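[1] fold the following.
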Amino acid sequence: MFETTQEFQTRRQHLLKQFNQQVQGGDTNYQAGTASLTHYNADQQIFLLKLDWQAKWVKQLGILPQQGTLKIARDYAKKLYKTGRQKRLFVTAQLVNNRFETKGMLREQGRNWTIELLSIPIPEMVTIPAGRFQMGSNRSGDEKPVHGVSIKTFAMSRYEITFDEYDAFAEATGREKPSDQGWGRGHRPVINVSWHDAVAYTKWLTEQMGQEYRLPTEAEWEYAARAGTETDYWWGNEIGSNRANCHGSGSQWSGKSTSPVGSFKANPFGLFDTAGNVWEWCADNWHKNYKGAPTDGTVWKGGDESYRVLRGGSWGSLPVYCRSAFRSRSTSDDRVQFVGFR
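    Model (predicted):
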């Protein structure tokens, strides 16, 4: 069956309306599933709920597995957390900017405990087509030798991971949120995260979504950033004006701070900010050049395991460091204001 995006949204809205009517009418066949508390902080009145949706609603409504901040009576939350019991959860849902915002009700012995559950922001993914490209350049020793690499189809986040997305992970796992340097959170790329932080986020997202998320390999990153081009930047050999956020590139953020993701034009694969804004962690260990590099786009093991590859340059980088072929490195536990990931 083929549906346009508009037809799909219309059908899903109709299903949501029917779903909510049945929930409000007390039909137990329309309960969402079961819920249990995974974290409880009485002082801050913060409760994290793990919601296990019934498979039929996941399929019909397109609902994603969710955890979120939960507001219910403190005494009842404490009781639920201590006993570790699961409770039947009845949920109404609405689509907000193509994300589910849900409200629910825990029912026990004739009492209803109203909750508010905020959905997890999920990175928007772009399918990167399979292909072959020439990796590296003759500009610098660590970019040599230029060599052919074949890449299989994979998916990559359209934007660098934002504070919105990372903060949801931090709240769900009880981790300290990284500093935004006073520049703002929301849709700005997350910064001050180590390679280990980035890997932990991908593992958590894998658990939530039931499909694998990981950092890109260095070869996948360059292939995606080039998007079929052979020039220094996907748009040409000159940085130009207001095409990216890096030092001297003419934007309002250049050399000052990160910019909200998507502030500049996307490359031909539909990826934003592959040049500048924040350096992006890759999965590979550091190697001083490409001698012996894999030609199939897989993770390059060995090398210097204390360092991990960084790509793309940042808001504070000179344009030469934002080239598609440029390589950098940092220790895997470094957390700095120039580095994020996708």
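[2] wait, is Glu171 part of a strand?
    No - using DSSP: H, G, I helix; E, B strand; the rest coil, the secondary structure at Glu171 is helix, not a strand.
[3] and it, how many neighbours?
    By other C-beta atoms under 10 Å, 18 other residues sit near Glu171. Every C-beta, even on glycine, is put in place using the N, C-alpha and C of the backbone.
[4] same check, this time on Lys301
    When neighbours are defined as other C-beta under 10 Å, Lys301 has 11 of them.
[5] over to Pro319?
    Neighbour tally, Pro319, other C-beta under 10 Å: 22.
[6] assess the claim that it and Asn245 are in contact.
    No - using C-beta atoms under 8 Å, Pro319 is not in contact with Asn245, being 11.0 Å away.
[7] tally of neighbours for the closest residue to Pro268 other than its chain neighbours?
    Nearest residue to Pro268, sequence neighbours excluded (C-beta to C-beta, 6 or more residues apart in numbering): Ala227, at 4.1 Å. The tally of other residues near Ala227 (other C-beta under 10 Å) stands at 19.
[8] who touches Glu222 in this structure?
    Contacts for Glu222 (C-beta atoms under 8 Å, 6 or more residues apart in numbering) come out as 133, 135, 311, 324-325.
[9] just the buried members of those?
    133, 135, 311, 324-325 (16 or more other C-beta atoms under 10 Å).
[10] so which of these are in helices?
    Within these, no residue falls in helices by DSSP state H.
[11] could you identify the most distant pair in these?
    Considering C-beta to C-beta, no two members of those lie farther apart than Phe133 and Arg311, which are separated by 14.6 Å.
[12] format the buried ones among the contacts of Glu222 as TSV; extra columns: distance to Thr217 and pLDDT.
    Rendered in TSV, the data for the buried ones among the contacts of Glu222 read as follows (distance: C-beta to C-beta, whole Å; pLDDT from 0 to 100):
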residue	distance to Thr217	pLDDT
Phe133	13	98
Met135	11	98
Arg311	11	98
Ser324	15	98
Ala325	15	98
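[13] would you list those in JSON lines and tack on distance to Glu305?
    Formatted as JSON lines, the buried ones among the contacts of Glu222 follow (distance: C-beta to C-beta, whole Å):
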{"residue": "Phe133", "distance to Glu305": "27"}
{"residue": "Met135", "distance to Glu305": "22"}
{"residue": "Arg311", "distance to Glu305": "18"}
{"residue": "Ser324", "distance to Glu305": "25"}
{"residue": "Ala325", "distance to Glu305": "23"}
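[14] nearest to Glu218 among these?
    So of those, ranked by how close each gets to Glu218 (C-beta to C-beta), first place is Arg311, at 6.8 Å.
[15] which among the contacts of Glu222 gets closest to Trp235?
    Ser324 (10.5 Å).
[16] quick one: contacts for the closest one?
    Contacts for Ser324 (C-beta under 8 Å, 6+ apart) come out as 222, 225-226, 229, 231-234, 274-275.
[17] what residue ranges in the stretch 151-300 of the chain score low on pLDDT?
    The stretch 151-300 of the chain contains residues with pLDDT under 70 at 208-210.
[18] ok, back up a step: looking at the contacts of Glu222, which is nearest Ser241?
    The shortest approach to Ser241 among these belongs to Ser324, at 18.9 Å (C-beta to C-beta).
[19] what distance do you get for the closest one to Ala32?
    When distance is defined by C-beta to C-beta, to the nearest Å, Ser324 is 45 Å away from Ala32.
[20] in the chain, which spans are helices?
    So, for the chain - with DSSP H - the helices run 5-24, 55-61, 74-83, 163-173, 195-209, 218-226.
[21] please identify the most buried of those.
    helix 218-226 (a mean of 25; mean count of other C-beta atoms under 10 Å).
[22] now the strands for the chain?
    Per DSSP state E, the chain carries strands over the ranges 33-41, 46-53, 66-70, 87-96, 99-108, 111-117, 125-128, 131-135, 147-151, 154-157, 279-286, 304-311, 328-331, 339-340.
[23] any chance of the ones you listed in JSON lines, plus distance to Glu171?
    Converted to JSON lines, those look like this (distance: least, C-beta to C-beta, whole Å):
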{"stretch": "strand 33-41", "distance to Glu171": "8"}
{"stretch": "strand 46-53", "distance to Glu171": "7"}
{"stretch": "strand 66-70", "distance to Glu171": "7"}
{"stretch": "strand 87-96", "distance to Glu171": "19"}
{"stretch": "strand 99-108", "distance to Glu171": "16"}
{"stretch": "strand 111-117", "distance to Glu171": "12"}
{"stretch": "strand 125-128", "distance to Glu171": "22"}
{"stretch": "strand 131-135", "distance to Glu171": "38"}
{"stretch": "strand 147-151", "distance to Glu171": "35"}
{"stretch": "strand 154-157", "distance to Glu171": "20"}
{"stretch": "strand 279-286", "distance to Glu171": "22"}
{"stretch": "strand 304-311", "distance to Glu171": "26"}
{"stretch": "strand 328-331", "distance to Glu171": "26"}
{"stretch": "strand 339-340", "distance to Glu171": "18"}
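[24] so of these, which one's packed in deepest?
    For those, the highest mean count by mean count of other C-beta under 10 Å goes to strand 339-340, at a mean of 28.
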